[in-house]
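> sequence and predicted structure are below.
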Amino acid sequence: MPIGAVIEFTNITKRFGNVTAVDDLSFSVEPGRVTGFLGPNGAGKTTTLRMLLGLVGPSSGTATFGGLRYHDLPHPLATVGAALEAASFHPGRTARNHLAIYATAAGLPRTRVAEVLHLVGLADHGSRRVGGYSLGMRQRLGLACTLLGNPGVLVLDEPINGLDPEGIKWIRGFLRDMAAEGRTVLVSSHLLGEVQQSVDDVIIIAQGRLVHRGPLSSLEMQVAPQVVVDSPDRAALANALTRAGVDFSQGRTGLLATAADPARIGHIAFTAGVEVSALHRQKKGLEDAFLALVDGGDSR
Amino acid sequence: MLLRAIRAEFAKLLTTRIWWVLAVVLFGYIAVLSGGLAALFAGIESGAIDPRAAGTGPPGTPPLGSLPPLVYSFASSVGYVFPVLLGALATTGEFRHQTLTPTFLANPRRVQVLGAKTITLFLAGGAFGAVALLASVGVGALVINAFGVDTLLGGGATWALIGRTLAAMALWASIGVGLGVLVPSQVASIVIVLAFTQFVEPLLRFASMFTSATAGIGKFLPGAASDALVGASIFTVAGPVGGVAAALDWWQGGLVLLGYAAAATIGGYFVSWRRDVT
Ligand SMILES: Nc1ncnc2c1ncn2[C@@H]1O[C@H](COP(=O)(O)OP(=O)(O)OP(=O)(O)O)[C@@H](O)[C@H]1O
Ligand SMILES: [Mg+2]
């Protein structure tokens, strides 16, 4: 059974011209667990994963598998299986030929091609040109490619995109099985809900910076209770809160008052003569915690 | 390791349709051209007209002289655009379909991958040379023979021409690989290949023949170098009247082509191949 290596990012940074896509990220990913790599669109997830795989050169810092950079791995495909979001297929080639090419390039036995096609449920479609594949079938082919070398580390960028409910269920089970076998599984998503049921740990980034890392359960404790309050005249409400010395921030649906009690906020508005259109305690779901963290990243 | 990379590159080339589509068109094009011109010229020649009037030998043409080598050389003098396209498509396709990602994941040694691609396309270009020769020599000799003119197929000079045609076509495919990394946009690459080979270069070559100074430069143009390597071409006999015919030695022509291939490939490595794959 392949044993997963520890993935280690050390102060990794990537600048594209003026844009700092990834900003001094450091974290590690352990074998035997599924790690969710989360962040909103443009947070730098794909760029980080591409740096890990040697496809993008970091501006500074390193990313390694058990201490070795991708380029230095003696058998890359037998160590790391990666599926990146972009559909990287020649549409005129059959799935079988596509897989055979990379098996040949990596020195893997041709027999693996039929095996991995079977594993991802594409056994009956192997001789079709990939150009005619649906999005979900392409995702599965991408996964088949990652499994060619039976690697101990899996790096998957948004693998759930485009899968039907059955496919989603299948991949969740698949991720859990892979981790249970001792592999390192790093899976990115811009939606926590998508991976919530299968991840053990989460790494959350926003604007290229690490905003949270830890077990999934640590997310719940992350955010202090908040009160959402809104008014047709938000500026007046903000003034009233400021005068009363309440800490708050601009949220999506109103003002977010930290460490406050709804009754007190209501009282402040009432005495200031500001009409209130919404007043409730923030639900402390995981998704909210995620959004709050990511929002925090935005406002920096 | 390199062998594995080469086998993978061959598998890439042979698992899409483009290679045989180009090969079929190459064969048909050269067969029609060689057969047609062989019939025209052999008709004149067998009609006992002065060979100079038939336009087969202004001073300065290689010693092969007369009709058959001219017809046989269509394989490269006209057909060379096909291996260039094959090479350029093989490279630009990797950018266009984002297959550089799985390619570099399977083999992160990018220099090795590019080397393997160059070697693979060099061999495939040679195979295209064989296809083109099958058309130009096969069909051409048949027609020449039908008019009772000597096909020169018994002569060593003809076989030297055939061998050097294979080398020229192989080098052209490598130039295509180089162009593909230098200009990774597939559309731009194809436009450059077609515009340069069908229009710009023939014009430059023709124009350069008017003075000896420009002729000395014009002979280094890739098409001129290729014709020098092969040893005969319709272009060397179709220059302006009273023009200066300058040509490199065959081996110099080969080295110049090799130089173009190496310069484009090494330049392209820095321009695109070693860049971020995003
Ligand atoms: N090749 C590039 N040139 C310039 N900027 C780039 C390039 N690639 C990415 N970026 C920028 O880097 C930032 C991070 O992009 P990245 O694709 O890594 O985000 P992401 O987290 O994967 O987003 P998504 O959830 O949309 O996939 C974005 O601002 C993007 O515009
Ligand atoms: Mg992404």
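Good, I have the coordinates. All of these numbers come straight from a predicted model, not from anything done at the bench. Ligands and ions are numbered 1, 2, ... in the order given.
> any stretches of the stretch 51-200 of chain A with poor pLDDT?
For the stretch 51-200 of chain A, applying pLDDT under 70 flags the ranges A:86.
> which stretches of it form strands?
For the stretch 51-200 of chain A, the strands defined by DSSP state E, counting those that start in this stretch cover A:60-65, A:80-83, A:153-157, A:184-189.
> need those in JSON lines with distance to residue B:257, can you?
Every C-beta, even on glycine, is put in place using the N, C-alpha and C of the backbone. Compiled in JSON lines, the strands of the stretch 51-200 of chain A are given as follows (distance: least, CB to CB, whole Å):
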{"stretch": "strand A:60-65", "distance to residue B:257": "42"}
{"stretch": "strand A:80-83", "distance to residue B:257": "39"}
{"stretch": "strand A:153-157", "distance to residue B:257": "43"}
{"stretch": "strand A:184-189", "distance to residue B:257": "47"}
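> in JSON lines, list those strands along with distance to ligand 2.
Compiled in JSON lines, these are given as follows (distance: least, CB to the ion, whole Å):
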{"stretch": "strand A:60-65", "distance to ligand 2": "16"}
{"stretch": "strand A:80-83", "distance to ligand 2": "12"}
{"stretch": "strand A:153-157", "distance to ligand 2": "6"}
{"stretch": "strand A:184-189", "distance to ligand 2": "7"}
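> name all residues that make contact with residue A:226.
Shown in contact with residue A:226 (CB atoms under 8 Å, 6 or more residues apart in numbering or on different chains): A:256, A:257, A:258, A:260, A:281, A:282, A:292.
> domain map for chain A?
By the assignment in the TED database, chain A contains the domains A:7-221, A:224-283.
> out of these, which one sits most buried?
Comparing the domains of chain A by mean neighbour count (mean count of other CB atoms under 10 Å in any protein chain shown), domain A:7-221 comes out on top with a mean of 19.
> please, which helix or strand holds the closest residue to residue B:150 other than its chain neighbours?
Using CB to CB, 6 or more residues apart in numbering or on different chains and skipping the chain neighbours, the partner closest in space to residue B:150 is residue B:68 (7.3 Å). Here residue B:68, judged by DSSP states H and E, is contained in helix B:67-72.
> so which elements touch that helix?
Helix B:67-72 sits against helix B:18-46, helix B:140-146, helix B:156-182, with contacts defined as 3 or more CB pairs under 8 Å, 6 or more residues apart in numbering or on different chains; DSSP states H and E.
> is it true that residue A:102 touches residue B:104?
No - taking contacts as CB atoms under 8 Å, residue A:102 lies outside contact range of residue B:104: 10.5 Å.
> could you export the contacts of residue A:226 as CSV, including secondary structure and pLDDT?
Below are these laid out as CSV (DSSP: H, G, I helix; E, B strand; the rest coil; pLDDT from 0 to 100):
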residue, secondary structure, pLDDT
A:256, strand, 84
A:257, strand, 83
A:258, strand, 77
A:260, coil, 72
A:281, strand, 80
A:282, coil, 71
A:292, helix, 76
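> out of the domains of chain A, which is closest to residue B:252?
domain A:7-221 (37.1 Å; CB to CB).
> ok now the closest one, how far from the chain's centre?
With CA atoms, centre = their mean, to the nearest Å as the basis, domain A:7-221 stands 10 Å off its chain's centre.
> close to ligand 1, is it?
Yes - Domain A:7-221 reaches ligand 1 (CB under 6 Å from any ligand atom) through A:16, A:19, A:21, A:39, A:41, A:42, A:43, A:44, A:45, A:46, A:47, A:190.
> quick one, what contacts residue A:145?
A:81, A:83, A:98, A:99, A:102, A:116, B:102.
> thinking again about what came up before, could you pull up the residues touching the residue nearest to residue B:150?
So residue B:68 contacts B:140, B:141, B:144, B:149, B:150, B:151, B:152, B:153, B:158 (CB under 8 Å, 6+ apart).
> and if we set it to 6 Å?
Residues near residue B:68 by CB atoms under 6 Å, 6 or more residues apart in numbering or on different chains: B:144, B:151, B:152.
> which SSE is the residue in the stretch 1-150 of chain B that ligand 2 sits nearest to in?
Of all residues in the stretch 1-150 of chain B, residue B:101 sits closest to ligand 2, at 13.0 Å by CB to the ion. Residue B:101 belongs to helix B:100-106 when assigned by DSSP H and E.
> C-terminal to the helix or strand bottoming out on mean pLDDT in chain B, what's the next element?
Lowest mean confidence among the helices and strands of chain B (mean pLDDT, DSSP states H and E): helix B:234-237, at a mean of 66. Next in sequence after helix B:234-237, counting helices and strands by DSSP H and E, comes helix B:250-268.
> alpha carbons only: can I get that following helix in CSV?
This file holds the C-alpha atoms of helix B:250-268, laid out as CSV (Å, rounded to 0.1, in the frame of the first residue of the first chain):
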residue,chain,number,x,y,z
TRP,B,250,25.0,21.0,-49.9
TRP,B,251,26.6,20.4,-46.5
GLN,B,252,26.5,24.2,-45.8
GLY,B,253,22.9,24.2,-46.6
GLY,B,254,22.3,21.4,-44.1
LEU,B,255,24.2,23.2,-41.4
VAL,B,256,22.3,26.4,-42.0
LEU,B,257,18.9,24.5,-41.7
LEU,B,258,20.2,22.9,-38.5
GLY,B,259,21.2,26.3,-37.3
TYR,B,260,17.6,27.6,-37.9
ALA,B,261,16.1,24.6,-36.1
ALA,B,262,18.5,25.0,-33.1
ALA,B,263,18.1,28.8,-32.8
ALA,B,264,14.3,28.6,-32.9
THR,B,265,14.1,25.7,-30.5
ILE,B,266,16.5,27.2,-27.9
GLY,B,267,15.0,30.6,-28.3
GLY,B,268,11.5,29.1,-27.9
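> packing partners for it?
Applying 3 or more CB pairs under 6 Å, 6 or more residues apart in numbering or on different chains; DSSP states H and E, one finds that helix B:250-268 contacts helix B:156-182, helix B:222-230.
> nearest to ligand 2, out of the ones you listed?
Ligand 2 lies closest to helix B:156-182 among the helices and strands packed on helix B:250-268, at 26.1 Å (CB to the ion).
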